[in-house]
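*Asks:* What would the 3D arrangement of this be:
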Amino acid sequence: MRCRHCQPLPEDVRRAADLLGRRYALAIVYASRSGATRFNEFRQVLGPVPPTTLSARLEELAVEDWVREDTAERMRGLYRFRQGRFSARFDEDDDGAIEQQSQNYQRLRRELLDAERRAVVELRRLGRINDDVMNIVQRDLDLEDARLDV
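*Replies:* As a prediction, this is how the structure comes out:
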């Protein structure tokens, strides 16, 4: 599927992004502003993005004082899984195991999010939290649920 409104990234924007050292971050913003909303539309605008781009940025950030080593390691594992998952989508010989693993994870996470929602409602019913707190927590749970679809 091709985006009717998406245009390739202009060279001057690409050069400016390179100077800033965040080429794909700015390029993704540009693609989004051009109307890209789906993976293939972003790929159409951005062109090929090396799979190591995210890993390289993570390694740049991992040395910062505010990044804990266990958090960086968790992110490395997430990136490895995502890279394998997206690569498998384009592999005609893929057996679907990675996608099934992802679907199972999403199902489990949604079940747990539903349990958290029920617990928050119960805390509100018992008067232990007020409506504002309940709404904030529910919004956060909804956002986490929406991120599972990516």
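
*Asks:* Pull the number of nearby residues for residue 121.
*Replies:* Applying other Cβ atoms under 10 Å, we find 14 residues neighbouring residue 121. Heads up, the C-betas are built off the backbone N, CA and C, glycines and all.

*Asks:* repeat for the one 10 residues further on
*Replies:* If you count neighbours by other Cβ under 10 Å, residue 131 ends up with 8.

*Asks:* and residue 97, how many neighbours does it have?
*Replies:* Using other Cβ under 10 Å: residue 97 sits among 10 other residues.

*Asks:* ah, wrong one, I meant residue 94
*Replies:* 14.

*Asks:* Does it belong to a helix, a strand or coil?
*Replies:* coil (DSSP: H, G, I helix; E, B strand; the rest coil).

*Asks:* Please apply the same query to residue 8.
*Replies:* coil.

*Asks:* Wait, it touches residue 45, no?
*Replies:* Yes - Residue 8 is within contact range of residue 45, at 6.2 Å (criterion: Cβ atoms under 8 Å).

*Asks:* okay, the two: which has more neighbours?
*Replies:* Taking neighbours as other Cβ under 10 Å, residue 8 and residue 45 compare with residue 45 leading, 19 against 14.

*Asks:* okay, now residue 31: neighbour count?
*Replies:* That count, for residue 31 with other Cβ under 10 Å as the rule, works out to 23.

*Asks:* That one sits in which helix or strand?
*Replies:* helix 23-33 (DSSP states H and E).

*Asks:* what pLDDT does the closest residue to residue 144 other than its chain neighbours get?
*Replies:* Using Cβ to Cβ, 6 or more residues apart in numbering and skipping residues adjacent in sequence, the residue nearest residue 144 is residue 113, 6.4 Å away. The model reports residue 113 with a pLDDT of 96.

*Asks:* try residue 54
*Replies:* Residue 54 is given a pLDDT of 63.
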